[in-house]
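Enquirer: Sequence plus the predicted model coming up.
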Amino acid sequence: MLFCSQCGTQVGAGDVFCAKCGFRQPVEAKPPADPLAGITPRTATILCYIPVIGWIASIIVLATDKFRANRQVRFHAFQGLYLFLAWLLVDWVVHPIFAGMPGPTIRLDKILQGVLLFTWIFMLVKASHEETYALPIIGELAEKSASGQ
């Protein structure tokens, strides 16, 4: 039962103004809706492996309370981040080295970018089947990061 904060008359739950004195009733602030309420752990895991932009989903997953206790989702988020860091390493360090080489040589940077793109797609498939697959080196780092060591 609610009462007017000015005159004490009983008011309804949805009343904005008191029917007797016309005083505006205080509105209870609703807690903000959780934007990740509809996202399942499987979906969050898949989003972490979207090529080139999955790092954004990984950071969001790691920053939210919803997945803080889910070790598997955190593992995939860290592994997606480390996969993106490998992409940056190839794009910013290896690519400039090989971009200036003359002649029709086999460029290591293009091979590495292809391998990383294939790895993202492979991990998307694994995540969609809810399989945990630890990549060499990157998976070990992700395991340590997810466990908090």
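Expert: Perfect, thanks for sending it.
Enquirer: buried residues in stretch 39-46?
Expert: Neighbour-count burial for stretch 39-46 flags Ile39, Ala44, Thr45, Ile46 (criterion: 16 or more other C-beta atoms under 10 Å). Bear in mind the C-beta positions are built from the backbone N, C-alpha and C, glycine included.
Enquirer: Among the residues you listed, which lie within helices?
Expert: Among the buried residues of stretch 39-46, the members found in helices (DSSP state H) are Ala44, Thr45, Ile46.
Enquirer: Can you tell me what sits against stretch 107-124?
Expert: 46, 49-51, 54, 76, 79-80, 83, 86-87, 90-91, 94-95, 97-99, 101, 133, 135 (C-beta atoms under 8 Å, 6 or more residues apart in numbering).
Enquirer: again, only using 6 Å
Expert: Stretch 107-124 is contacted from outside by Tyr49, Pro51, Ala86, Trp87, Val90, Val94, His95, Phe98, using C-beta atoms under 6 Å, 6 or more residues apart in numbering.
Enquirer: so the first one touches Gln79, yeah?
Expert: If I follow you right, that is Tyr49. No - using C-beta atoms under 6 Å, Tyr49 makes no contact with Gln79, being 8.2 Å away.
Enquirer: Those two: which has the busier surroundings?
Expert: The neighbour count for Tyr49 versus Gln79, taken as other C-beta atoms under 10 Å, is higher for Gln79 (28 against 25).
Enquirer: quick one: the more buried one from Gly12, how far?
Expert: 53 Å (C-beta to C-beta, to the nearest Å).
Enquirer: Next one: the residue lying closest to Leu135 once chain neighbours are set aside relative to Ala99, how far apart?
Expert: Distances taken as C-beta to C-beta, 6 or more residues apart in numbering place Gln79 nearest to Leu135, at 6.4 Å, with adjacent residues excluded. Per C-beta to C-beta, Gln79 is found 29 Å from Ala99.
Enquirer: Can you classify the nearest residue to Arg71 once chain neighbours are set aside by secondary structure?
Expert: Nearest residue to Arg71 in three dimensions, chain neighbours excluded: Ala146, at 5.5 Å (C-beta to C-beta, 6+ apart). Per DSSP: H, G, I helix; E, B strand; the rest coil, the local secondary structure of Ala146 is helix.
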